[in-house]
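Enquirer: My questions concern the predicted model and sequence given below.
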Amino acid sequence: MLIEKIKSYICSVFSLTQILLNIKKMDAIDWSNLSFGYMKTDYNVRSHYRDGKWSDPELETSEHINLHMAATSLHYGQEAFEGLKAFRGKDGKVRIFRMRENALRLQSSCHGIMMAELPVELFEEMVLLAVKKNARFVPPYESGAALYIRPLLIGTSAQVGVKPAKEYTFLIFVTPVGPYFKEGFKPTPMVIMREYDRAAPLGTGTFKVGGNYAASLRSGEKAHEMGYSAVLYLDAREKKYIDECGPANFFGIRDNTYITPKSESILPSITNKSLMQLAEEMGMKVERRPILEDELATFEEAGACGTAAVISPILRIDDLSENKSYHFSKNGEAGPVSKKLYEKLRAIQYGDEPDKYGWVTVLE
């Protein structure tokens, strides 16, 4: 009996110590100066696909995955992921932006590389659980930071031979992040490198799979070394049309028109989809169509858009092979249309404006 009481006391002391350490850790976070990087949080959530069905969600504190060395994700690229964010509003409530769209896009990726399709309802249940269990890591209102949510789906079957896996693991982890580009909402230079392609025509460019990002690493690092924030890729077939930026979709503004590329190799950005709808409601014309590189010279503003950056205004685009440069900012500031779209979307995400579109899920 005495031993049990001692054990209980030790556990209580340990729990209290852990709580105090956690409070100290939270106090030490400089919310306004977070980078876009990984920080350990309390829990991740996992589900496993075996024998043709998904398991119930499981909470996990470990940051590691026990993976067989012959797993299809390691050898044949059966891996897909998503990215979405949660925001804390002025009212203290936490809002998750367009998680159903992310669930549907993950299903598209599953179909594209023949992985077991994750039900939308399970995706949403696990996102909500991951955010609730890590709610203390949602940055404060007006800190400029957000809680980044990373769903990941991998093939785990041990096999040698190019064929789809029979077993999969789906997990979600979260981490507080600052701006994707260190400059924040400031125009940055981007570069066209004709010697590199992001994705092949009729390939995996429309799916959010790791291979597309691996293909962009060399050109991306080269661009950073040269002082550019990102690479703007041309279409891989003809090298005539704008495709997308390494981490984001592209858009241009001209004559009260929002223009964004249409291509068989572009990831359908949920942020871009949202901006197109907002632009229409602001009285702008919206065009999604092929954009010739030469048309860049006619744009009044240009930007990259995606979950991580929302909008990253473009200062200029240099085409090194052709010795051309296209400029979009005369005073080093974002253009008025980009700024208005950025502020409108952010206001919806933080709950500063009513969500009449049904884009936001508010945690109770």
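Expert: Good, I have the coordinates.

Enquirer: Count the neighbours of the nearest residue to Ser325 once chain neighbours are set aside for me.
Expert: Among residues not flanking Ser325 along the chain, Asp318 sits closest, at 5.0 Å (CB to CB, 6 or more residues apart in numbering). (Each C-beta comes from the backbone N, C-alpha and C, glycine too.) Residues within reach of Asp318, counting by other CB atoms under 10 Å, total 21.

Enquirer: Okay, now the unreliable bits of the protein?
Expert: 1-27, 182 (pLDDT under 70).

Enquirer: If we use 80, what do you get?
Expert: Residues of the chain meeting the criterion pLDDT under 80: 1-27, 180-184, 247, 330.

Enquirer: Do a quick rundown of the helices in it.
Expert: Applying DSSP state H to the chain gives helices spanning 2-28, 72-75, 99-112, 120-133, 210-214, 217-225, 270-281, 336-350.

Enquirer: As a markdown table, these with distance to Val231 and mean neighbour count would be great.
Expert: As requested, the helices of the chain are arranged in a markdown table below (distance: least, CB to CB, whole Å; neighbours: other CB atoms under 10 Å):
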| stretch | distance to Val231 | mean neighbour count |
| --- | --- | --- |
| helix 2-28 | 36 | 10 |
| helix 72-75 | 26 | 20 |
| helix 99-112 | 22 | 19 |
| helix 120-133 | 31 | 19 |
| helix 210-214 | 12 | 15 |
| helix 217-225 | 5 | 15 |
| helix 270-281 | 18 | 19 |
| helix 336-350 | 20 | 19 |
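
Enquirer: Show me the one of these that comes nearest Gly89.
Expert: Closest to Gly89 of the helices of the chain, according to CB to CB: helix 336-350, at 5.1 Å.

Enquirer: is it true that Ala230 touches Glu244?
Expert: No - using CB atoms under 8 Å, Ala230 makes no contact with Glu244, being 9.8 Å away.

Enquirer: Glu167 is nearest to which of the helices of the chain?
Expert: That would be helix 72-75 among the helices of the chain, by CB to CB, at 9.0 Å.

Enquirer: what helices or strands is the closest one leaning on?
Expert: If contacts are counted by 3 or more CB pairs under 8 Å, 6 or more residues apart in numbering; DSSP states H and E, helix 72-75 sits against strand 146-155.

Enquirer: The strand it packs on to helix 99-112, inter-axis angle?
Expert: Interaxial angle, strand 146-155 versus helix 99-112 (axes from the mean of the first three to the mean of the last three CA atoms, to 10 degrees): 20 degrees.

Enquirer: Partner strands of strand 146-155, with direction?
Expert: Using DSSP bridges, strand 146-155 pairs in its sheet with strand 79-81 (antiparallel), strand 84-88 (antiparallel), strand 168-177 (antiparallel).

Enquirer: Work out the gap between the last one and the centre of the chain.
Expert: Read it as strand 168-177. Relative to its chain's centre, strand 168-177 lies at 12 Å (CA atoms, centre = their mean, to the nearest Å).

Enquirer: State the number of residues packed around the nearest residue to Arg46 once chain neighbours are set aside.
Expert: Nearest non-adjacent residue to Arg46, counting by CB to CB, 6+ apart: Leu171, 4.4 Å away. Here the number of neighbours of Leu171 (other CB under 10 Å) works out to 21.

Enquirer: try the one 4 residues further on
Expert: By other CB under 10 Å, the residues close to Thr175 number 17.

Enquirer: what about the closest residue to it other than its chain neighbours, how many neighbours?
Expert: Leaving aside its chain neighbours, Thr175 sits nearest to Met39 (4.9 Å; criterion: CB to CB, 6+ apart). Look at Met39: counted by other CB under 10 Å, it has 14 neighbours.

Enquirer: Please report how far Met39 lies from Pro176.
Expert: From Met39 across to Pro176, the span is 6 Å (CB to CB, to the nearest Å).

Enquirer: Kindly report the same for Glu293.
Expert: Distance from Glu293 to Pro176, counting by CB to CB: 38 Å.

Enquirer: Please apply the same query to Ala308.
Expert: Distance of Ala308 to Pro176, computed by CB to CB: 13 Å.

Enquirer: Same check on Pro336?
Expert: 31 Å.

Enquirer: Same check on Tyr342?
Expert: Taken as CB to CB, the span from Tyr342 to Pro176 is 21 Å.

Enquirer: Over to Gly83?
Expert: From Gly83 to Pro176 the distance is 14 Å (CB to CB).

Enquirer: follow-up on the earlier one: was I right about the residue nearest to Ser325 contacting Pro189?
Expert: Yes - under the criterion of CB under 8 Å, Asp318 makes contact with Pro189 at 6.8 Å.

Enquirer: quick revisit: who does the residue nearest to Arg46 form a beta bridge with?
Expert: Here Leu171, judged by DSSP bridges, has bridge partners Arg46, Leu152.

Enquirer: Tell me which residues touch it, please.
Expert: Residues near Leu171 by CB atoms under 8 Å, 6 or more residues apart in numbering: 44-47, 60, 65, 151-152.

Enquirer: need the contact list for Leu275.
Expert: Residues in contact with Leu275 (CB under 8 Å, 6+ apart) are 251, 258, 305, 311, 341, 345.

Enquirer: How much space separates Lys285 from Ile253?
Expert: For Lys285, the distance to Ile253 - CB to CB - is 11 Å.

Enquirer: that older thread, I'd like to know how far the residue nearest to Ser325 sits from Met193.
Expert: Going from Asp318 to Met193 by CB to CB gives 10 Å.

Enquirer: Next, the contact list for Ala158, please.
Expert: Ala158 makes contacts with 68-71, as judged by CB under 8 Å, 6+ apart.

Enquirer: is it in a bridge, and if so with what?
Expert: Here Ala158, judged by DSSP bridges, has bridge partners Ala71.

Enquirer: does Thr169 really touch Ser157, like I thought?
Expert: No - under the criterion of CB under 8 Å, Thr169 makes no contact with Ser157, lying 10.5 Å away.
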